[in-house]
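In: What follows is a predicted protein model with its sequence.
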Amino acid sequence: MTDSSRQHPVEGERPLRRDAALNRERILDAAREVFSQRGLGVTLDGVAHHAGVGVGTVYRRFPTKEDLIRALFEQDLRMRQELAERALTHPDPWTGLVDFLTAMTADLAENRGLHEVLMLGEHTSAPIETARGGMLPFLEALIRRAQESGDLRPEVTPSDIPVIQHMLYGAAQFTRGQQPEIWRRYLDVLLNGLRQRPDNPPLTTPSLSDETVERAMGIVRPE
């Protein structure tokens, strides 16, 4: 977000007054903190308390919690697509894939709210659905590049990536904040298993279908 966008946010077609704009940013910052720590079950009253503003101020800026969640997470999901686009331009396909997985996991590991939006499909909206569903072509391209370069085992499919992300999120939560970076160890373990080597034994269990993963993530496709 640029400095100018923070200084002159708009609501609808009208620029917000400076005090209203500051309150809006305060609410978004507070929501990011409490949703990250406690998940999307936090009420707008709870967000207002954490922001140090009256609940009426929150409702004026965000009439429903879905409005607040959409404002907060749409940008996060767009950033994930930008990460994938950068990974696809990396000259080394394996490094590009590893960088993408690492950045995604770092983003998710301690952000319970983002995990619920991205991986579980809670409090979704049409723009968020578009962003979530739009990740599949990027995953397909990243995996295809790494397999064509001979670095990624051929059995790996795009549907494996959300499952891996869910596993690493679970590892980060396992220590309840005592060692939040532990997911990096298990990402290394998984990467060693994902990398193609001449002596790799075959994977004996097939990957989940895209439809199964989408159902688990709550992704709703248009008819």
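Out: Alright, I've got the coordinates.
In: Low-confidence ranges, the chain, go.
Out: Within the chain, the ranges that satisfy pLDDT under 70 run 1-17, 122-125, 127, 131, 220-223.
In: Can you pull the domain assignment for it?
Out: The chain breaks down into these domains under automatic domain parsing: 3-63, 67-217.
In: Adding mean neighbour count, write the ones you listed out as JSON lines.
Out: Any C-beta I mention is one placed from the backbone N, CA and C, and that applies to glycine too. Converted to JSON lines, the domains of the chain look like this (neighbours: other CB atoms under 10 Å):
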{"stretch": "domain 3-63", "mean neighbour count": "16"}
{"stretch": "domain 67-217", "mean neighbour count": "16"}
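In: For the top helix by length along the chain, which helices and strands make contact with it?
Out: Assignment by DSSP state H gives helix 65-89 as the longest helix of the chain. Contacts defined by 3 or more CB pairs under 8 Å, 6 or more residues apart in numbering; DSSP states H and E place helix 65-89 against helix 18-38, helix 44-51, helix 93-108, helix 112-120, helix 126-133, helix 135-148.
In: now the fourth one against helix 65-89, angle please.
Out: This means helix 112-120. 70 degrees (axes from the mean of the first three to the mean of the last three CA atoms, to 10 degrees).
In: where does the nearest residue to E155 once chain neighbours are set aside land in three-state SS?
Out: Spatial nearest neighbour of E155, chain neighbours left out: L203 (4.6 Å); criterion: CB to CB, 6 or more residues apart in numbering. Judged by DSSP: H, G, I helix; E, B strand; the rest coil, the three-state class of L203 is coil.
In: Please identify which of the helices and strands packed on helix 65-89 is closest to I164.
Out: Nearest to I164 among the helices and strands packed on helix 65-89 is helix 93-108 (7.3 Å), distances taken as CB to CB.
In: Relative to the whole chain's centre, how far out is that closest one?
Out: 12 Å (CA atoms, centre = their mean, to the nearest Å).
In: which helices and strands does that helix pack with?
Out: helix 65-89, helix 112-120, helix 135-148, helix 160-174, helix 183-194.
In: Hey, what's the angle from it to helix 183-194? Just curious.
Out: Comparing the axes of helix 93-108 and helix 183-194 via the same axes, to 10 degrees yields an angle of 150 degrees.
In: between helix 93-108 and helix 135-148, how big is the angle?
Out: Using the same axes, to 10 degrees: helix 93-108 against helix 135-148 is 140 degrees.
In: All further residue positions should be reported with the first residue as 510.
Out: With 510 as the first residue, the last one maps to helix 602-617.
In: I'd like the C-alpha coordinates of helix 602-617 written as PDB, please.
Out: In PDB, the C-alpha atoms belonging to helix 602-617 read as follows (Å, rounded to 0.1, in the frame of the first residue of the first chain):
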ATOM      1  CA  PRO A 602      12.300 -23.400 -11.300                       C
ATOM      2  CA  TRP A 603      13.000 -25.300  -8.100                       C
ATOM      3  CA  THR A 604      14.200 -22.200  -6.200                       C
ATOM      4  CA  GLY A 605      11.100 -20.300  -7.500                       C
ATOM      5  CA  LEU A 606       8.800 -23.000  -6.200                       C
ATOM      6  CA  VAL A 607      10.700 -23.200  -2.800                       C
ATOM      7  CA  ASP A 608      10.600 -19.400  -2.400                       C
ATOM      8  CA  PHE A 609       6.800 -19.400  -3.100                       C
ATOM      9  CA  LEU A 610       6.100 -22.200  -0.600                       C
ATOM     10  CA  THR A 611       8.300 -20.500   2.000                       C
ATOM     11  CA  ALA A 612       6.700 -17.100   1.600                       C
ATOM     12  CA  MET A 613       3.200 -18.500   1.700                       C
ATOM     13  CA  THR A 614       3.800 -20.500   4.800                       C
ATOM     14  CA  ALA A 615       5.500 -17.600   6.600                       C
ATOM     15  CA  ASP A 616       2.300 -15.600   5.800                       C
ATOM     16  CA  LEU A 617       0.000 -18.300   7.100                       C
END
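In: Alright, that wraps it up for me.
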